[in-house]
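**Q** need a structure here:
(one chain, ligands or ions: 1)
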Amino acid sequence: MAVRALSPDHDGPRVHFVSNVDGAHLADTLRGLDPATTLVIVASKTFTTLESMTNARSARAWLGGHAADNMAAVSTNLAACAEFGVPAERVFGFWDWVGGRYSLWSAIGLSLAIAIGARRFRAFLAGAAAMDRHFREAALEENLPVLFALAGIWRRNAMGWPTVALIPYDQRLERFPAYVQQLEMESNGKCVTQDGSAHPCATGPVVWGEPGTNAQHSFFQLLHQGTDVIPVDFIAAARPRDADTEHHRLLLANCLAQSAALAFGRAQAEPHRTFPGDRPSTTILHRQLDPFALGRLIALYEHKVFTMGAIWDINSFDQFGVELGKALAQRLAPVMRGEDGADAGLDQSTAGLVARIRELEG
Ligand SMILES: O=P(O)(O)OC[C@H]1O[C@](O)(CO)[C@@H](O)[C@@H]1O
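**A** Residues are numbered from 1 along each chain as shown. I've put the predicted structure just below:
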């Protein structure tokens, strides 16, 4: 997300990312790259994540004779790195209490630092630090993460709206909705309080979105006239990073048009052409999407999510909800490999799907 957002700031080697265990991701990424001139950095706190380690093993095989020189790691698990073949002097460490979704500021940011260089990476960190200070010091009534969190609580608990759309009017923030989706849904998608009691109210909303103006041509129909109210967060920069300002003026005109249309609607005799209005949105404006502004924007969302978690009395820093699926995938891997006896004890629905996959495999 961050590397894409800051593409005008790239001055280092080209940076690519592979995350999905789907081999297509690695294959498509490696196509056209040369093992002799490619550095593979395995970034995994635990160094046990199935996706990361499967990709790491395949990348090591692809590097062949270059693997000894062209691999590094970002991890807290030095023993597993050494066992994998990355010696300690090539491991960038960080703290084991940092969760994946909050880790960009640690050595996990290495790939971003490589892409934009140390000076700009420091500006990125300074932007986040400025928001950290603001969050710590500003009075509550002027505190952006707190106000943003209270608006989120109002939307979710007072109004009962279960989702929020995040629409950056900035093509380079294309992956920002997905980033905030993990931040918010993995942190606050919980149904028990810190002490384990059933939560008395609704918690983390569904977060989704796409960049404007593209989104206008797909799901904005439902935002304006659908039966559900979906609050929207718009993000826009006053200045473009590129020379052509006419594009940018049109981009901003569209962003402002959408928030006005949502808020004020339009009464018409014909019901099909009526816009009910009274649909809420928040517009976050900054001068320009540069490293400082991106760091500040990410930190704004981090502190907002933390504040909502504190109000809801949930722990925003664990993610036990991902464990069951991971354990079942480990159980099913031998089934998918067709190992003898692995099918025993499978539930009926999974056994049916396995049987159908085998038929389709031919
Ligand atoms: O850095 P690791 O240990 O490979 O974890 C990767 C990811 O897995 C999760 O723990 C859960 O899916 C995420 O929070 C994290 O980003």
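
**Q** Close to the ligand: what parts of the stretch 1-150 of the chain are there?
**A** For the stretch 1-150 of the chain, the residues in contact with the ligand (CB under 6 Å from any ligand atom) are Ser44, Lys45, Thr46, Thr49, Ser52, Gly99, Gly100, Arg101. No exception for glycine: its C-beta is placed from N, CA and C like everyone else's.

**Q** Flag every buried residue along stretch 31-40.
**A** Of the residues in stretch 31-40, those buried by neighbour count under the rule 16 or more other CB atoms under 10 Å are Thr38, Val40.

**Q** Spell out the residue ranges of the strands in this structure.
**A** 40-43, 71-74, 91-92, 163-168, 206-208, 232-237, 281-286 (DSSP state E).

**Q** what would these look like in CSV with distance to Gly32?
**A** Written out in CSV, the entries for the strands of the chain read as follows (distance: least, CB to CB, whole Å):
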stretch, distance to Gly32
strand 40-43, 15
strand 71-74, 20
strand 91-92, 27
strand 163-168, 29
strand 206-208, 32
strand 232-237, 32
strand 281-286, 35
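
**Q** which one of those strands lies closest to Asp34?
**A** strand 40-43 (12.3 Å; CB to CB).

**Q** how deep is whichever residue of the stretch 51-200 of the chain sits closest to the ligand tucked in, by neighbour count?
**A** When you check the stretch 51-200 of the chain against the ligand by CB to the nearest ligand atom, the closest residue turns out to be Gly100, at 2.0 Å. A count of neighbours around Gly100, defined by other CB atoms under 10 Å, yields 15.

**Q** how much space between Thr245 and the ligand?
**A** The span separating Thr245 from the ligand equals 38 Å under the rule CB to the nearest ligand atom, to the nearest Å.

**Q** Same check on Gln216?
**A** 31 Å.

**Q** so which of the residues of the stretch 1-150 of the chain next to the ligand is the most crowded?
**A** Neighbour counts for these, by other CB under 10 Å, peak at Lys45, which reaches 23 neighbours.

**Q** I'd say it and Ala73 touch.
**A** No: under the criterion of CB atoms under 8 Å, Lys45 is not in contact with Ala73, lying 10.6 Å apart.

**Q** ranges for the helices of the chain?
**A** Per DSSP state H, the chain carries helices over the ranges 2-5, 23-30, 50-63, 78-84, 110-116, 118-137, 144-153, 176-188, 220-225, 245-264, 291-312, 323-337, 348-361.

**Q** Just give the nearest non-adjacent residue to Phe94, would you?
**A** Nearest residue to Phe94, sequence neighbours excluded (CB to CB, 6 or more residues apart in numbering): Ser106, at 3.8 Å.

**Q** Report pLDDT for that neighbour.
**A** Model confidence at Ser106, given as pLDDT, is 95.

**Q** okay, now it: neighbour count?
**A** Here the number of neighbours of Ser106 (other CB under 10 Å) works out to 16.

**Q** got the contact list for the residue positioned nearest the centre of the chain?
**A** Of all residues in the chain, the one closest to the mean position by CA atoms, centre = their mean is Tyr179, 1.6 Å from it. Applying CB atoms under 8 Å, 6 or more residues apart in numbering, we find Tyr179 in contact with Met1, Ile298.

**Q** Name the residue of the stretch 201-350 of the chain that lies nearest to the ligand.
**A** Residue nearest to the ligand within the stretch 201-350 of the chain (CB to the nearest ligand atom): Val322, separated by 4.2 Å.

**Q** What is the burial count for that residue?
**A** Other residues near Val322 come to 10 when the count uses other CB under 10 Å.

**Q** From what I see, Gly321 and Val192 are in contact.
**A** No: assessed by CB under 8 Å, Gly321 is found out of contact with Val192, at 10.5 Å.
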